[in-house]
Each structure stands twice: as C-alpha cells, then as structure tokens.
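1. task: produce atomic coordinates for the following.
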Amino acid sequence: MKAKQAIGIGFAFVLLLAVQLLAVLMIPSVLGQAAQPTVFKRAWSYSPPPVGHFNFFYGPMVPSDWILDGLAFYFPANGTYTPALAESWQTDPNYRWFVVRLRHGVKYHDGHEFTVKDVLSTLYTFPYLNKDRLWYYIKDVKVVDDYTLNFTFTEPTNYPIFYILWHWCPVSYSQYGQFYERVLAKINQGYSIYSHPAEFADILNDLKNFRPTTMDGAGPYKVKSVSEEKIILEKFDNYYGPKPTIDEIHLIRYAAADVMWTDILTGQLDYTWAFLTPEQYQVLSSTPWAFIVPIPRPVGITLYINKRIYPLSLLDVRRALAYAINRTEVGFVQYPLGVTPSKYVVGFHPTGPYETYLNSTFMTQYLAPFEYRYDPQRAEQLLQGLGFTKGTDGIYVTANGTRLEFELSFGGYISAPACENIAAQLKKVGIKITVRAYESGVYFRSPDGPFYVGGYQLGVGVYGSPSFAFDEYYHKYMALFPGHGFAQMQRVPWRTQPVNVTKLAKDIALYPVQVTQAQLTEIYSELSYITGDQLPVINLYHPTVFAYINKEKFAITFDPNYWASIGSYEVKLFSYVFRLGYIKPKMTLAVSQDPTEGGTLSLPPGVYGYPKGQQVTVTVTPASGYSFSGWELDGASAGTSTSVTVTMDRNRTLKAVFTKPTYDVYIIGAIVLVVLAAGGYYVFRREKT
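-> Residues are numbered from 1 along each chain as shown. Below you'll find the predicted structure:
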C-alpha cells in the first residue's frame, strides 16, 4: 500500500513539474498595452482670455474649421462638392432658386440638433450685417421646414451656391441666434442693410462685442481646455461624419519664433505652415521625420493706391511707383525661398497662362506696356515730366510745394522688412515712405477699419484669381466701402463708350448662367487693361509656402492636387485631412523571431509604421529542422496558424516562435524517467527496511 502511495505522490510531483515547465516554455506573460490618446500638435497664435475670445466672426482663438462644419465639402482641385451637413441640394435649371435639404439627427457640441436655424444664424449675422457680396444675389430665404431652405436669387446666377454650401460654415443658433432674430425683426419691419444701415448699427456693434467663453459647432472636434500655453481640442464622439483617428489637437502658443523652430527641428511639433528660409528648409529636410510639401499660393501681395490723395491722384505718379519698385527684390525679402513676381501689373494672378483668361487681341496689342519692368530712371522721368523738382534732401516736390512723402500702412499679408524694402527702393527715386503697422484685426475690421474706409495713402491687401481680385478692387473696396477712391466709369481704347468697372466685376459672378465664356474673356480683358493703364493697385508677387508634417508620428496620404489646393484656405482645407483620413496616427509594428535561424517571415524582423486601423498580415515559413510553435502578439499567444493578421489600432509587437521538437521532447522525457526511477528506488528501499 505504501508503495502505491509513493508512486502516486511521485506521479503528482512529476505532473506538477511538467506543468510548471510547460508554463515557462510555452505560455508567455501577457503584456497588454493600454491605448494612449493620439495627439496632433501645431503652433497657433492667440491671446488667452479675457483678451482672447471665441467670437467666430471677430477674432476667434481657435481654427474654427475643426469645430464647425460646412453644408458640403468642397475640393478646389476639381471643383466638386460632397454632402456634409446638407444631405442634398437642387438648383433651378434657370438659376433662379436653390433648395438645400439638411441632414437629420446631427448634434452640436452643446447637444442641440442641427436645423435651418443654425444656417440662418450664420447668414443673417456677419455676412448680412457686413454687406457680404453673397447678399447681392439673395432676394429671399424661405423656411420650408426645420431641414429645408429655399433661396430665391435676385437674378439668374450660381454665385451664392459656393458661399452657402462651403464658405460660411453654420455657427450655432444657441450662440448667434439672438443676432439673427434681431436682424430678421428689422427686415420684417421693412428695413435693409443696404438702404437703412443705421437701423442695424446697434446689432452690428453688439455682434462685434460678443464674447462667448467657448465655440459651439457640429464639427469633428470641440474645445476641451484653454490655457496660457495651449488650446486642446478633443474628438467629438457624436460627430455624424467619418470619425477622426486623431484624438486631440493641441494648439501650442509660442512666445518666440526660435522656440517654435527648436520644437520643429526636434520633432516636438507635428505640423507647421510657413514661409521657410533656405537655411531652414535645408536643416528641416535633413531630419528623418520631416515630410515637406511646397504649395504655390494662388494669392499674393497687392499695393493699393489711394487716388483721392494728391499727388497719388496723378496717373504718372502711380506709374512712377510701378516702375520704381523691383517686385522680385521685395518678394525675396519676405519669402527668401521663393516667390513668383507678377509678369504683368493687371491686377490678378493667373493659375494658368494669361491666355486662359484674356482676349488674344488684347494680349497682342495692349499687354506689353503693363509689364512695368523695374526701371527707376523711367520713374524719375515721369516725375520730372510733371514738373516736379528735387528738394535738398533728394525728395521730389510738386509745383505747389507738396512733397512726395507718403505713408505705407499694413495690417498683415506683407512683412515689415518687405515694407521697409519698398521704402528704400522708392527713396532712391525721390519718394519718401513712412511704414506704419496696424494690428490685423484693426486694419481690416469690417466695416470701419482703416483699410475698409480708405484710411491709407498706400495700403497692402491681397490679390488672386481675376474673379476674386477684380471683385475686391472694383466692387468691395469701391462700391461697398470707400476704399481707394477709383471712379466707376473708365475707358478702354477698343470701345467707344465708357464701361462701369463695378458692374463688370459683378458680372463675373454671372458666368456661366448669364455670361458666356466669350463675354467673360472680354470682361477680364477690359478690367485688366483698366488696372494696368490706370494703376489703382500694383500687384507685386505671390509666394510658395511649405507645409511640414511629422512623418514619423503620422501616416500621410499624398495627393498633389489636394495639397496644391489648400493654398487659399489652409486651415479649412487642412481640416479635411482629419475628417477624410489623409493624415492618420502612425502605429509601429515591431516584428521579431526566436530563434533567428528558425525560419523566415514575409515581413522580416524590424520596426514598421502603419496608419492607425490598417490590417497587416504576416506569414511564416519554418527553416529545415525547425517547427513553428506559434505567434506572440503583444506578449500573448496569437495561435499557431502560419499566417496572422494584426489590426494596427495601437503600437504592437509580433514574435514568431520556432522550436526543434526532438531535443525538447527527449529532455522532458528524460526528466520524467529519472524522477520516476528515483521514486521507485526510494519506495523499494523503504519496503526492504
């Protein structure tokens, strides 16, 4: 009996030993990783509260395009729209009306449901109160139901569609409905912002002084926190659209540019949109994490000339300015890595050849004089031809004693060194310039900022495509606001009657509904001639900007057409890369095998980066004399199939384990036999004694 008990104990001991041995050899510890929130960091300039605020229309602290959403996504590369907050829309074949049907069930960050009230709270506040060009073409807005709006146009046009669907993202009725309701009440009383602006002055003033403590929207991110150092946006879990794969956006506030640059060079900052110097570009491009995209901007710098001020009212003085400024030199002062000066000073930047826009007859007969090539000698000849003489300090003086001394004011777009360069160049030809800088929010404040009311002698604005630039020159800053004092009626040599430049600028918006391609080309030719001949503005240059993204932390889908399109709407279009997955967190997969000679893997040992959510399949082939024991995924057993698929929802590790089964089995068997023999011998000796 005792022998049987001893043998039983021996077997139990052997079994326990075998279990422990197998646990060590075949069952690794589980090393599960907790998923960490993915963070995207970019620089952002803002003033913390109470100076900074969240009034969307007057200096928001955050890039609102992550917080708000449009009725549609617009892709400038091909001019197409994709439904967003609007599920569908319909345009009258004769372009007399436009119906928008909103998506049901969309929630704003504060929990209220998106309806037509949010759209109306947007269009009837800032755009209406500031006489935005959109409202020239909207005759009436009818609320069909909570999710349907019918816009009636003042004339056949497709102009408002872009601004309704994409340009003006719906703000929250919870925040701005109070202003919409007040504007609507005035309109119902028979007042119009165009004919009775004083009736709306108190509403506009209250809107300017509105200071919400956060920004409410229906976009993919919402405000989480605000501090002196950064603003944190967090993913909105109830977002109706494609869920962003990046959890938080950190908007870092830098006190100095050199600190920001250090963070870029050390990979601490994930993105910047900047005009790099050649030295910065060389250093940054040599880092392993820098993905750099050069983006030619379709907008540039325009010098506005106030024609109401003598002697700027004299054409030859304006022409002297054009000849005296070396546009290439000024451009490279501001953008050392590259600019494209305007070949012709005709007011706009062509995204293709000038022939794409201008009448061929005009190109042949009239365009050459408008190159205004750098010629300071010609500039002085023009001034002397007016009877101007130089004073003892080298500055020209008119016949009535007025010195050619002007103020060049700016509130952004151009840099102070570039303005000083213009001043230095003009001084060489006897024109004295004093540079004055304004805060952008003051200079371009609508409708009473210095730039809007023509409170400048020489001022700086922007120019772009002909439809944009001519609308700015001859409609917005001449017909709507005092601007540069240019007369509406102007002449071109191939027409017997004068033309109305404001009407021509407005007619551009009627293409292709009421204006044919031939008529549009004629409009462009007429406005180009008038701009080049009369010089109310001098278009200078447009730059190349560089987008830097940290490619070690983020996987980037590179579409050249898409990236080239974001030049005019950097933040707005860049926000699409989060919504549509063009940028995703890069998750690492560390692949290994044990032993190294045990076999081959379709993905050799190493560390690989994949976009978050991607599935990666790895296949194993054992070497001769080895067998495949199984996979270890993040330290846990992942099966013994020869292929394994890993979902890259976080950083992961994958190990392929091989064995030589003969030696392992023999060793374990030998251990078992030795233990059994020892146990039997022990029992046998006990029985004999």
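2. residue boundaries of the helices in the stretch 301-450 of the chain?
-> In the stretch 301-450 of the chain, the segments counted as helices under DSSP state H, counting those that start in this stretch are 315-324, 327-334, 360-366, 376-385, 416-428, 440-443.
3. got a list of contacts for the longest one?
-> Translated: helix 416-428. By Cβ atoms under 8 Å, 6 or more residues apart in numbering, the list of residues contacting helix 416-428 from outside reads 301, 303, 321, 324-326, 329-331, 333-334, 376, 394, 408, 410, 432-435, 437, 460. In this view, the C-beta of every residue, glycine as well, is placed from N, C-alpha and C.
4. again, 7 Å this time
-> 324-326, 329-330, 333-334, 376, 408, 410, 433, 435, 437 (Cβ atoms under 7 Å, 6 or more residues apart in numbering).
5. ok, now the shortest one?
-> When contacts are taken as Cβ under 7 Å, 6+ apart, the neighbours of helix 440-443 outside the stretch itself are 59, 411-412, 449-451.
6. mind putting those residues into CSV with distance to R579, pLDDT and neighbour count?
-> Converted to CSV, the contacts of helix 440-443 look like this (distance: Cβ to Cβ, whole Å; pLDDT from 0 to 100; neighbours: other Cβ atoms under 10 Å):
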residue, distance to R579, pLDDT, neighbour count
G59, 25, 74, 17
G411, 32, 93, 22
G412, 28, 87, 16
G449, 33, 90, 18
P450, 37, 94, 17
F451, 34, 94, 26
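7. out of these, which is nearest to G241?
-> Proximity of the contacts of helix 440-443 to G241 was ranked by Cβ to Cβ; the top entry is G59 with 27.3 Å.
8. other SSEs contacting the lengthiest strand in the chain?
-> If you go by DSSP state E, the chain has its longest strand at strand 537-550. Applying 3 or more Cβ pairs under 7 Å, 6 or more residues apart in numbering; DSSP states H and E, one finds that strand 537-550 makes contact with strand 271-274, strand 290-296, strand 300-305, helix 327-334, strand 339-341.
9. tilt between that strand and strand 300-305?
-> If you take axes from the mean of the first three to the mean of the last three Cα atoms, to 10 degrees, strand 537-550 sits at 150 degrees to strand 300-305.
10. next SSE downstream of strand 537-550?
-> As assigned by DSSP states H and E, the chain's next helix or strand after strand 537-550 is strand 554-556.
11. partners of that next one in the sheet?
-> strand 583-594 (antiparallel) (DSSP bridges).
12. what are the buried residues along the strand it pairs with?
-> For strand 583-594, the neighbour count (16 or more other Cβ atoms under 10 Å) marks 583-587, 589, 591, 593 as buried.
13. looks to me like V577 is in a strand.
-> No: secondary structure of V577 (DSSP: H, G, I helix; E, B strand; the rest coil): helix, not part of a strand.
14. who touches it in this structure?
-> With Cβ under 7 Å, 6+ apart, V577 has these contacts: I583.
15. low-confidence ranges, the stretch 401-550 of the chain, go.
-> Scanning the stretch 401-550 of the chain for pLDDT under 70 picks out nothing.
16. can you pull out the strands in it?
-> 405-410, 432-437, 458-463, 489-490, 499-500, 537-550 (DSSP state E, counting those that start in this stretch).
17. could those go into CSV alongside distance to K235 and mean neighbour count?
-> Putting the strands of the stretch 401-550 of the chain into CSV (distance: least, Cβ to Cβ, whole Å; neighbours: other Cβ atoms under 10 Å) gives the following:
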stretch, distance to K235, mean neighbour count
strand 405-410, 38, 19
strand 432-437, 39, 17
strand 458-463, 34, 24
strand 489-490, 53, 16
strand 499-500, 51, 16
strand 537-550, 19, 22
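18. Throw those into a markdown table and include distance to V39, thanks.
-> Output for those, formatted as a markdown table (distance: least, Cβ to Cβ, whole Å):
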| stretch | distance to V39 |
| --- | --- |
| strand 405-410 | 36 |
| strand 432-437 | 35 |
| strand 458-463 | 33 |
| strand 489-490 | 55 |
| strand 499-500 | 54 |
| strand 537-550 | 11 |
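19. and those strands: which comes nearest A255?
-> Of the strands of the stretch 401-550 of the chain, nearest to A255 by Cβ to Cβ is strand 432-437, at 19.4 Å.
20. note down every partner strand of that closest one and its orientation.
-> By DSSP bridges, strand 432-437 pairs with strand 405-410 (parallel).
21. who's in contact with Y128?
-> So Y128 contacts 135, 183, 193 (Cβ under 7 Å, 6+ apart).
22. in which helix or strand would I find it?
-> helix 126-129.
23. next secondary structure element downstream of that helix?
-> Following helix 126-129 in sequence, per DSSP H and E, is strand 138-145.
24. got the buried residues for that following strand?
-> Applying 16+ other Cβ under 10 Å to strand 138-145 flags 138, 141 as buried.
25. residue ranges with poor pLDDT in the chain?
-> If you take pLDDT under 70 as the line, the chain has these spans: 1-35, 77, 560-561, 564-565, 567-568, 661-689.
26. just to revisit the earlier point, now, of the helices of the stretch 301-450 of the chain, which is deepest in the fold?
-> Across the helices of the stretch 301-450 of the chain, averaging neighbours per residue (mean count of other Cβ atoms under 10 Å) puts helix 315-324 on top, at a mean of 22.
27. what's the angle from it to helix 376-385?
-> 160 degrees.
28. centre of the chain to helix 315-324, how far?
-> Mean-position distance between helix 315-324 and its chain equals 37 Å (Cα atoms, centre = their mean, to the nearest Å).
29. what sits up against it?
-> Under Cβ under 7 Å, 6+ apart, the answer for helix 315-324 is 305, 311-312, 345, 372, 375-376, 378-379, 382-383, 385-386, 425-426, 429, 431, 534-535, 538.
30. how about the helices of the stretch 301-450 of the chain in JSON lines, adding distance to V141?
-> Converted to JSON lines, the helices of the stretch 301-450 of the chain look like this (distance: least, Cβ to Cβ, whole Å):
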{"stretch": "helix 315-324", "distance to V141": "43"}
{"stretch": "helix 327-334", "distance to V141": "42"}
{"stretch": "helix 360-366", "distance to V141": "40"}
{"stretch": "helix 376-385", "distance to V141": "52"}
{"stretch": "helix 416-428", "distance to V141": "43"}
{"stretch": "helix 440-443", "distance to V141": "30"}
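31. quick one: closest of the ones you listed to E155.
-> helix 360-366 (27.4 Å).
32. restrict that closest one to CA atoms and write it as PDB.
-> What follows is helix 360-366, C-alpha atoms only, in PDB (Å, rounded to 0.1, in the frame of the first residue of the first chain):
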ATOM      1  CA  SER A 360      -6.000  87.300 -77.800                       C
ATOM      2  CA  THR A 361      -6.300  90.700 -79.400                       C
ATOM      3  CA  PHE A 362      -5.800  92.400 -76.100                       C
ATOM      4  CA  MET A 363      -2.800  90.200 -75.400                       C
ATOM      5  CA  THR A 364      -1.200  91.200 -78.700                       C
ATOM      6  CA  GLN A 365      -1.900  94.900 -78.800                       C
ATOM      7  CA  TYR A 366      -2.200  96.100 -75.200                       C
END
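33. give me the helices and strands touching that helix, please.
-> So helix 360-366, by 3+ Cβ pairs under 7 Å, 6+ apart, packs with helix 517-534.
34. identify the residues contacting the helix it packs on?
-> 315, 344-347, 357-359, 362, 366, 370, 466, 470, 474, 490, 492, 499, 501, 504-505, 507-508, 511, 537.
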